[in-house]
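>>> I need the structure of the sequence given here:
(4 chains)
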There are 2 protein chains.
Amino acid sequence: MRAVALNLFARHGYAAVSMRQIAGEVGVQAGALYNYTPDKQSLLFDLMKDHMDQLLGAWSEHPAAPNAVAALEAFTRFHIRFHAARPEAVFIAYMELRNLSPENFLVIEKLRQGYEAEIETLLRQGISEGVFDTPDPKIATRALIAMLNGVNTWFREEGRLSLPDVEDLYWSMVRKSVAV
Amino acid sequence: MRAVALNLFARHGYAAVSMRQIAGEVGVQAGALYNYTPDKQSLLFDLMKDHMDQLLGAWSEHPAAPNAVAALEAFTRFHIRFHAARPEAVFIAYMELRNLSPENFLVIEKLRQGYEAEIETLLRQGISEGVFDTPDPKIATRALIAMLNGVNTWFREEGRLSLPDVEDLYWSMVRKSVAV
DNA sequence: GTCTATATTACGATAGAC
DNA sequence: GTCTATCGTAATATAGAC
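This is a model prediction of the structure:
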C-alpha cells in the first residue's frame, strides 16, 4: 500500500489521489486500507517522515572527510545519488509539504532544517580553513541544495548522462561557487 | 476571480481548492464563476500561460549587455527580482504542471524550454568569449535556474536580507560557478 | 483481514428565474 | 450577470457480515 501510495502521490499529487485509486492498484477494496493506516493524512506523513529519516540516517553514516573540500564533494555526490535513487519520495517531500497537517508539517520541517544545518556547518568549516569564501553560509547552503535538488527534475537513468557524469558536472559548479 | 484563484492555488494546491472556495473569497456564488471561465482547468492554464508570457516578455525587453559576463549578471538579477515579485504565480508554475491537461502541459512546457534556451545561449556566448568554463551548458543552465528558483522558498520582504543583498549573494555564486 | 454496503459530505458544472 | 437549486458523481471513512 505504501509503495502504491508513494507512486500515485508523486504522479498526481496527494489531493488528487483517492483512497479508492490506491486500493485499486493494490488490488483490494478501499475499506481494507484502513487496516493499515488510520487515515489518508497519516499515510502521507509516514511516507515523508520515513524519507527524511532515511536521508538523515544515510548522511550521518557517511565517513568523515579529511578536510572541508573533501567533505563538500562527498556531500554533493551523496545528495545527488541519494535523491536520484528515490525520485518519487523526493518529489513528495518537496511538493506535499502544504498538504501536511500543521503538527505534521512541523515535524518534517524540523528534520529538513537539521539536514540544512549539517551542510551549513560544513561550509563554515571551509571558511575557517580558508578554502571557502562565501559571505552568507546559510544562504549559500540553501542555494547549493536547491541547485542539487534540480537534478531530479530532468535526470533519467536512460538519458545522455550517467550518474557519475552528473556528479562531476555539479561538483565542478558547487566547488567553484564557494571557492575563494 | 483570477487573483483569488492564484492565491488559493498557491496556498493549497489546484486539486485541493474548490470552485466554491474561490467563489466564497470573491464574494459570489459558485455558479457565477462560470461567466468568466469555461471550467476549472482553463482557469489554471490561463494563470500559468499569463505568467510564462510575462516572464518571456519581460526578459525579451531587457536591454542587451555588452558581454557575456554582464549578460549573465543581468539575467541573475532579473530572474531573482521577477520571481520574488510574484511568488504565487511562480509557485503555481512549478508545482501545478502535473495538473494541466496534456495539451495544456505541452504549451507551458514549450514556453519554459524557450526561457531555458535563452540562458543556455548566453552561457555558450561566454564560453566562446573565453570568460566561462562549463563543460555542459545545458545542464549548467538548469543548475543555475534551479539555484535561483530556490530563492522563492525562503525569501521574505521583511526578512534579514534585502532583495539587492540577495541578488549580490547569488550573483557571486553564479559568477564563480561558471568561471574559468 | 477483506468484503459489501452505506453514511455523510463535497465536488464540478448546469438550468432557469430574476 | 448573479442568484438558487440541483444533477450526477465521487470523496473519506465506518459498520457489520463472513
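>>> got the buried residues for the host helix or strand of residue A:71?
Residue A:71 is part of helix A:68-85 when elements are defined by DSSP states H and E. Going by neighbour count (16 or more other Cβ atoms under 10 Å in any protein chain shown), the buried part of helix A:68-85 is A:68-69, A:71-72, A:74-80, A:82-84. No exception for glycine: its C-beta is placed from N, CA and C like everyone else's.
>>> which residue comes closest to residue A:118 once chain neighbours are left out?
Nearest non-adjacent residue to residue A:118, counting by Cβ to Cβ, 6 or more residues apart in numbering or on different chains: residue A:59, 6.8 Å away.
>>> so who does the one you found touch?
Going by Cβ atoms under 8 Å, 6 or more residues apart in numbering or on different chains, residue A:59 touches A:75, A:78, A:82, A:115, A:118.
>>> again, but for residue A:76
The contact partners of residue A:76, taken as Cβ under 8 Å, 6+ apart, are A:144, A:148, A:167, A:170, A:171, A:174.
>>> farthest-apart pair in these, please.
A:144 and A:167 (13.9 Å; Cβ to Cβ).
>>> who has more neighbours out of the two?
Neighbours per residue (other Cβ atoms under 10 Å in any protein chain shown) separate residue A:144 from residue A:167, with residue A:144 holding more: 29 against 21.
>>> can you tell if the helix or strand that contains the more buried one touches chain B?
Assigned by DSSP H and E, residue A:144 falls within helix A:137-149. Yes. Using Cβ under 8 Å from any Cβ of the partner chain, helix A:137-149 reaches chain B at A:139, A:140, A:142, A:143, A:144, A:145, A:146, A:147, A:149.
>>> make a markdown table out of the residues you listed and add distance to DNA strand D and pLDDT.
Output for those, formatted as a markdown table (distance: Cβ to the nearest atom of the strand, whole Å; pLDDT from 0 to 100):
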| residue | distance to DNA strand D | pLDDT |
| --- | --- | --- |
| A:139 | 38 | 98 |
| A:140 | 40 | 98 |
| A:142 | 33 | 98 |
| A:143 | 37 | 98 |
| A:144 | 37 | 98 |
| A:145 | 31 | 98 |
| A:146 | 31 | 98 |
| A:147 | 35 | 98 |
| A:149 | 28 | 98 |
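>>> ok, so of these, who is nearest chain B?
The nearest member of the residues of helix A:137-149 next to chain B to chain B, counting by Cβ to the nearest Cβ, is residue A:146 at 2.6 Å.
>>> burial count for the closest one?
Using other Cβ under 10 Å, residue A:146 has 20 other residues around it.
>>> for residue A:51, same thing?
Neighbours of residue A:51 under the rule other Cβ under 10 Å: 19.
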